[in-house]
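Novice: predicted structure and sequence below. I'll ask about it afterward.
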Amino acid sequence: MKTPPKTKAVSKAKAPAKSKAKAPAKTATRAKAPAKAAAKPKPKPKLGPKSKAVAKTASKSASKAKGAPAPKSKAAAKSASPVDASVALTALAVAALEDLKAVDIKVLNVRDLTTIADAMVICTGTSNRHVKSLAENVVDMARQRGFRPLGIEGLGEGEWVLVDLNGVLVHVMQAQTRLFYQLEKLWDMSQLDSRVA
């Protein structure tokens, strides 16, 4: 009976045990290697014009996900509540009319009376040219602020120009026309309430 076969069996049994012990050590070093690679900053690829636009929109959506406020666009301003938009448009129209010295500016709240507008701004111009320039100034200021007027009527004659700012109607009239039609009496409910009481 020779002992060499036993030594071979023993050496085979020991060999797998050693390789098993060494295997976790190798995996541990492998786990450290990706961490070092992740710590290094990756170079940013050069972007073309289209991919820059995509990157900007991606950064905006990422900032929204983080909770950071994104810059407001014109579309966002328009999507605000209609009451806020009509108040802003009314203030804009009054400022544009005061800028060119309109006479006797009146603002009427007609929200409860009709569905065509929330407010009416009525003013007087001293001549055809003054009426036209007042109406054009209202339109120009509205466009500069990102509001698009729905329509302009009467600009050719200059007697009575109506500017529809989608919720706010601006009536620019000559003195004779304003006296004849008396829009304030038609639309001002405070005057009606005082007559009834």
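Specialist: Nice, I can see it. Numbering: from 1, shown residues only.

Novice: does I116 sit in a helix or strand, and which one?
Specialist: Under the assignment given by DSSP states H and E, I116 is not contained in any helix or strand.

Novice: the chain should start at 201 in everything you say after this.
Specialist: Yep, numbering from 201; the last one is I316 now.

Novice: residues contacting it?
Specialist: Applying CB atoms under 8 Å, 6 or more residues apart in numbering, we find I316 in contact with L369. All C-beta atoms are positioned from the backbone trio N, CA, C, and that covers glycine.

Novice: next one: N337
Specialist: Per CB under 8 Å, 6+ apart, neighbours of N337: A296, L297, D299, L300.

Novice: report how many residues lie close to the closest residue to A285 other than its chain neighbours.
Specialist: With CB to CB, 6 or more residues apart in numbering as the criterion, A285 has its nearest non-adjacent residue at 6.3 Å, and that residue is G367. Burial measure for G367: 20 neighbouring residues, criterion other CB atoms under 10 Å.

Novice: tell me where this structure has helices.
Specialist: Counting by DSSP state H, the chain has helices at residues 204-239, 249-266, 274-278, 282-299, 328-344, 375-381, 383-387, 389-396.

Novice: number of residues surrounding L379?
Specialist: If you count neighbours by other CB under 10 Å, L379 ends up with 10.

Novice: state the distance from G356 to P349.
Specialist: With distances taken as CB to CB, to the nearest Å, G356 is found 16 Å from P349.

Novice: quick one: which of these two has more around it?
Specialist: Neighbours per residue (other CB under 10 Å) separate G356 from P349, with P349 holding more: 18 against 9.

Novice: which ones are touching the more buried one?
Specialist: For P349, the contacting residues are V339, A342, R343, V363, D364, L365, N366, by CB under 8 Å, 6+ apart.

Novice: distance of it relative to D364?
Specialist: According to CB to CB, P349 and D364 sit 6 Å apart.

Novice: next: L292.
Specialist: Shown here: L292 relative to D364, a distance of 14 Å by CB to CB.

Novice: of those two, who's got more company?
Specialist: For L292 versus D364, neighbours defined as other CB under 10 Å are more numerous around L292 (20 against 15).

Novice: I figured the more buried one hits Q344, correct?
Specialist: No: checked against CB atoms under 8 Å, the pair L292 and Q344 is beyond contact range at 9.3 Å.

Novice: partner residues bridging L308?
Specialist: On DSSP bridges, the residues paired with L308 through beta bridges are M320.

Novice: wait, it sits on H371?
Specialist: No: shown here, L308 and H371 do not form a contact pair, counting by CB under 8 Å, at 9.7 Å.
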